[in-house]
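J.: okay, sequence plus prediction incoming.
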Amino acid sequence: MSTRKSGSGGIVRRRNGSMIMAFANPIHFSTNNSSEAEAALFGISWCYDQGLANFRMQLDSMLTVNERGIKVSHCYREGDSVADALAKHGATLTHNVIFDNENQLPREVRGAYNTDKLDMPSFRFKVTKHSSWHFETK
């Protein structure tokens, strides 16, 4: 369990990919899976409150949710760059924030949103760490 401040975030879109709503929320003392679950719950609750049903959800963790009328699919973090940027922004907040149009999105989130809207790929680069240990086998 992490003691550092983290965040959750997500975006609700129309079938054509345009934004309906996005959110960024601060979370304290959370694991990756609980952050993901909290974001999913917030998004599901918002959709139900708005009367939206039969929606599809993407999560970037292997967390699986089976609910009636909800289809959950796994995607890698690179495929969910908008939600990832919203979660990072949420970690800087003291309260929940809902954005109801794309012009309200923070700059770093808007960049991810525009890239995603153009169907451009998102990449994540992993740095290979080298150890100072050296072993020889005979």
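T.: Okay, I see it. Source: prediction; values computed, not measured. Numbering: from 1, shown residues only.

J.: thought residue 90 was touching residue 5?
T.: No: with contact defined as C-beta atoms under 8 Å, residue 90 does not reach residue 5; the gap is 9.3 Å. Glycine gets a C-beta too; all of them are placed from N, C-alpha and C.

J.: overlap in contacts of those two?
T.: Between them, residue 90 and residue 5 share these contacting residues under C-beta atoms under 8 Å, 6 or more residues apart in numbering: 26, 27.

J.: these two: which is more packed in?
T.: residue 90 (24 against 15; other C-beta atoms under 10 Å).

J.: residue contacts, the more buried one?
T.: 6, 7, 8, 9, 23, 24, 25, 26, 27, 97.

J.: residues contacting the first one?
T.: So the one you mean is residue 6. Residue 6 touches 26, 27, 28, 30, 35, 87, 90, 91, counting by C-beta under 8 Å, 6+ apart.

J.: quick check, nearest of those residues to residue 103?
T.: Distance to residue 103, by C-beta to C-beta, is smallest for residue 90 among the contacts of residue 6, at 19.0 Å.

J.: need the three-state assignment for residue 52.
T.: Of the three states, residue 52 takes coil under DSSP: H, G, I helix; E, B strand; the rest coil.

J.: what about it, how many residues nearby?
T.: Neighbour tally, residue 52, other C-beta under 10 Å: 14.

J.: look up phi and psi at it.
T.: phi -80, psi 140 (degrees, to the nearest 10).

J.: ok, what's across the strand from the closest residue to it other than its chain neighbours?
T.: Nearest residue to residue 52, sequence neighbours excluded (C-beta to C-beta, 6 or more residues apart in numbering): residue 12, at 7.6 Å. Legend: beta-bridge partners of residue 12 under DSSP bridges are residue 21.
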